[in-house]
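Q: sequence plus the predicted model coming up.
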Amino acid sequence: MAATETKPAPAVFQEHFAAREEALSARGGPQLHEIRRRGLARFVELGFPTFKDEDWRQTPLAPVLDVAWTPAEPPAAMPSPAALRPFLFGDEVTARLVFVNGCFSPSLSFRGEVPDNVFIGSLAEALSTQPDWVREHLAQQLGFENQPFAALNTAFIADGAAVYVPRGVTLPQPVHLLFLSSGDAGPSVAYPRSLVVVEESAGLSLVEHYASLSDRPTLTNAASEVVCGENSRVDHYKVQSEGKGARHVGAMQARQARGANYTHHSISLGAAWARHDLSTLLAGEGVEALLHGLFVLTGEQLCDHHTRIEHAAPHCRSFELYKGVLDQRARGVFNGRIYVHREAQKTDSKQSNGNLLLSDDAVVFTKPQLEIFADDVKCTHGATIGRLDEDAFFYMRSRGIGREESRTLLIYAFASEVIDRIRIEPLRRQLLRALVEHLPNGRIIKEVA
Amino acid sequence: MDMLEIKNLHAKVEDNVILRGINLSVKPGEVHAIMGPNGSGKSTLAHILAGRDGYEVTAGEVRYKGLDLLEMAPEERAREGVFLAFQYPVEIPGVNSSYFLKAGLNEIRKHRGLPELDAIDFLALVKERMKLVDMDASLLNRPVNEGFSGGEKKRNEIFQMAVLEPTLCVLDETDSGLDIDALKIVARGVNALRSPERAFVLVTHYQRLLNYIVPDFVHVLSKGRIVRSGGKELALELEEKGYAWVEELAGAGQPVGA
Ligand SMILES: Nc1ncnc2c1ncn2[C@@H]1O[C@H](COP(=O)(O)OP(=O)(O)OP(=O)(O)O)[C@@H](O)[C@H]1O
Ligand SMILES: [Mg+2]
C-alpha cells in the first residue's frame, strides 16, 4: 500500500538534507554546518522513537510517521496583515517577528525603538553577521544525543528568531514571535530555530506563538534555546494554537546563571498532535525556575508535556504546575523529570500535575520522575486525575445555573488557573477568551473572560 | 394552598434506608423548624428537596406549587424558587463569586420573565443585600467560598438567598458554627426576608436560633420519621428533655400531633 511506501524513514530526511545542503551551508560558518551534519547523523542513528523508548512510551508517533512530508517552502503568497489579526494580543509589543513556513517575513514583522546593542531579528540575519553571542550559544544549549527531533531540527538550522538583550537592559514590552504554517503546498515540515540570549541583569518577556493559516497537515519541528544571564529575568510564553491538521514537536532548553529568574508557560490548545520537551538547567546559585503548562484537548487530539528541571547548583527553587483537560478520545501525557545533582543542596522543588477527564474514552498518563543525589533538599510532587467536582456542580445548579453552564464553568475554572499566571495582561485575556472558545459549549460562559 | 407538600417520603442511599415516611405541609409565610439528633435524616431531606443526586426515593411524593418537585432538575427547582442554604457551603476555586451569583440570578429572572440585570444594576442590588448580613463586599471578588471562614460561608448563604429571592428557603444548620453575634446577624437577615409569600424550613439542633427566628411549627425528626410536631414550645421541651425523649417517641411508633 502506498502509505507504507511513503512513510518517512530517516532516509527521507537525509534526502531532504542532501537537496538543501548547499543552501544550508551558506548560512553561518563551517562550524555551524558541522553541527548540522552531526545533528543529521545523530538523527539517522537514533531513528524515530518507538513506544519502546521510555520517553515516548505513551505518545504514539503514527500521526507524524503516516505522512509523506516535504520540506516547507515560503508560501506562494504571503498572508495579508489582516490575516494575522487573530494571532495578535495587542499593540503593546517591542517587536513582532513573523515567520511563515519557517521563513522570516520582513514585511509582516516590525521592530520598535530599542536600546543600542539589542538585537531582535531573524536567525538568518544573525547568522549572516555572526555576532559573538550567536557563535557562543547557538546549538550549544540544546542537546540532541537522545532527542531525535532536536537532532533533526539541528540538522536544518536556517531560520527562526534571534533575540539578544545586553547587560542591564530590560525591554519594557514583550517580544512577539509568530510562527505560522500554511500547508498550502502539501504536507510540509518546518524547522524554526530560535536563540534568545539575555545577559546579566537584563529582562525580557517573550511570546512564542505557533499557529496555522489552515487545517491542512503540517509538521512543525521547533527548537529554542534560552540563555539567562546572572540575575536576569525572563518570562517566556509558548502558545500552540495550530490547526486541526497540524503536528507539533518542540524542544526548549533554557540555561540559568546565578540568580536568574525564568518563567515558562506552555499553553497548548491546538494541533492534532503536540509534543513539548521543556528543559531548564539551573546552573548557578539562587536561581528560580517556574514552569506552567496547560492543554485542553478534544476529539482525537494528543498533547504531551515532557519537562526536565536540572538542579546543578545549591539554593535554587523550581516550581511546576501543569494541567490537562481531556474530552472525547483525547490523549494526554505529563512527564516531569527533576534531576538534583549532588552539589545542589537546599534545593526546593515542587511539582504538581492535575488532570480533568471529561469522557470515559479520554486517557492521561502522568509521571513524576525524581532523581535526587543531594541529601538536604525539599522536593515534593503530586498528580491528580479526576472528574468534575460533584459537590461544586450541584452547588452551582442549586443556584439556578444550568447543567451545561455549570459544567463549562467548572472546566474553565480548572484550566484558567494556569492562564491566570500569565503576566502579560492582554495575552492573559486573549488566552482566557481562546480557552472559552475552545471549551465544549464555551459560548455559554463567554462573559466570564 | 400548600406551597410544599411532602407525602410519605421514603429514601435511601445505596442500601441505607434514611427517610422512612416523611409527611410535611408548608404554607406560604410559614416558618417550620426541623430538629433531631445527628444522623436522623435532616440534611438528606434538605438535599432531596434541592435535587441532589445520589438519593433513591423509594416511595412517596413531593409537590411544590403544584409541581412534581422530584421530577425537576436542581436548576429548575432553583428557578422556581427553591433555595437550599447548605450545611457545608462548597468552595469553588476559579469561579468568581460575583459571576456565579449573577449567572444564577439572571437564570432565575429569565425564568420569571424578568429582564436580566446588567453589571451596574447587579452591583447595586448586591450592595444593598450585603448590608443585610454585614458581609464584606471584597468577598464578592473572590472565588466562591474559597478561603472564607466558617461564619463567612454561612453568611454568604443567607446573602445569596437575599439576592435570589426564593419562595421556599431551606436552611440546613445555618446556625452551626456561628458565634452569638453572627447568629444574630444571620437571624436578622432571615427575618428581613420573611414575607407572606415566602416559606422557611429551618434545620437546626439548637433552640437558640429559634429565639431569634420564631417558628410557626417545630418538627422532630428521628430515624427518618417526624416523630412529633408542635408549636415553638416544642423546641423548649426538646431542649429540656433531650433527644433521649425523642428516641422514646420514635420507639412508640406513630407520630404525635402531626
Ligand atoms: N451519601 C451517603 N452515603 C451513605 N450514607 C449516607 C449518605 N448520606 C447520608 N447518609 C447517612 O444517612 C443518615 C442521615 O444523614 P443526614 O446527613 O441526613 O443526617 P442529619 O440529620 O443531617 O445529621 P447531622 O445533624 O449530623 O447533620 C446518616 O446515618 C448518614 O450517615
Ligand atoms: Mg445535617
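A: It's in. Numbers count the residues shown, from 1 in each chain, chains lettered A, B, ... in the order given. Ligands and ions are numbered 1, 2, ... in the order given.

Q: where does the stretch 151-258 of chain B come near chain A, residue by residue?
A: B:160, B:164 (CB under 8 Å from any CB of the partner chain). All C-beta spots, glycine's among them, are computed from the backbone N, C-alpha and C.

Q: go again with 10 Å.
A: Proximity of the stretch 151-258 of chain B to chain A (CB under 10 Å from any CB of the partner chain) is limited to residues B:160, B:161, B:163, B:164, B:166.

Q: not counting residues beside it along the chain, what's closest to the last one?
A: Counting by CB to CB, 6 or more residues apart in numbering or on different chains, residue B:83 is the residue found nearest to residue B:166 once chain neighbours are left out, at 3.5 Å.

Q: next, count neighbours for the one you found.
A: For residue B:83, the count of nearby residues is 25 (other CB atoms under 10 Å in any protein chain shown).

Q: does it count as helix, strand or coil?
A: Following DSSP: H, G, I helix; E, B strand; the rest coil, residue B:83 is assigned to strand.

Q: does it have beta-bridge partners, and which?
A: residue B:169 (DSSP bridges).

Q: so it makes contact with residue B:50?
A: Yes - counting by CB atoms under 10 Å, residue B:83 touches residue B:50, with 8.1 Å between them.

Q: need the residues touching each of these two.
A: Listed contacts common to residue B:83 and residue B:50 are A:398, B:77, B:168, B:170; contacts here mean CB atoms under 10 Å, 6 or more residues apart in numbering or on different chains.

Q: sorry, back to before: gap between the residue nearest to residue B:166 and ligand 2?
A: Using CB to the ion, to the nearest Å, one obtains 17 Å as the distance from residue B:83 to ligand 2.

Q: same deal with residue B:225?
A: The spacing between residue B:225 and ligand 2, counted by CB to the ion, is 16 Å.

Q: identify the bridge partners of the nearest residue to that residue once chain neighbours are set aside.
A: Once flanking residues are discounted, residue B:225 sits nearest to residue B:20: 5.2 Å by CB to CB, 6+ apart. Assessed by DSSP bridges, residue B:20 has beta-bridge partners residue B:10.

Q: picking up where we left off before, tabulate the residues of the stretch 151-258 of chain B next to chain A (CSV), appending pLDDT, distance to ligand 1 and neighbour count.
A: As requested, those are exported to CSV (pLDDT from 0 to 100; distance: CB to the nearest ligand atom, whole Å; neighbours: other CB atoms under 10 Å in any protein chain shown):
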residue, pLDDT, distance to ligand 1, neighbour count
B:160, 98, 20, 24
B:161, 97, 19, 26
B:163, 97, 26, 22
B:164, 98, 23, 21
B:166, 98, 21, 26
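
Q: let's see which of the residues you listed end up in helices.
A: Taking DSSP state H, the ones among those that sit in helices are B:160, B:161, B:163, B:164.

Q: please identify which residue in chain B comes closest to chain A.
A: Distance from chain A to each residue of chain B (CB to the nearest CB) is smallest for residue B:94, at 2.7 Å.

Q: contacting residues for the residue lying closest to that residue once chain neighbours are set aside?
A: The shortest distance from residue B:94 to any non-neighbouring residue, by CB to CB, 6+ apart, is to residue A:413 (2.7 Å). Residue A:413 sits next to A:389, A:392, A:445, A:448, B:92-96, B:99-100, B:143-144 when contact means CB under 10 Å, 6+ apart.

Q: counting neighbours, which of these comes out on top?
A: Going by other CB under 10 Å, residue B:144 tops those with 29 neighbours.

Q: that residue touches residue B:152, doesn't it?
A: No - using CB under 10 Å, residue B:144 is not in contact with residue B:152; the gap is 11.7 Å.

Q: shared neighbours of those two, anything?
A: With CB under 10 Å, 6+ apart, residue B:144 and residue B:152 have common neighbours residue B:89.

Q: residues touching residue A:220, list them.
A: With CB under 10 Å, 6+ apart, residue A:220 has these contacts: A:72, A:101-102, A:153, A:179-181, A:188-192, A:210-212, A:240, A:242, A:246-250, A:271, A:274.

Q: can you tell me which of those residues are in helices?
A: Filtering the contacts of residue A:220 for membership in helices, criterion DSSP H, returns residue A:153.

Q: give me the buried subset of the contacts of residue A:220.
A: A:72, A:101-102, A:153, A:179-181, A:188-192, A:210-212, A:240, A:242, A:246-250, A:271, A:274 (16 or more other CB atoms under 10 Å in any protein chain shown).
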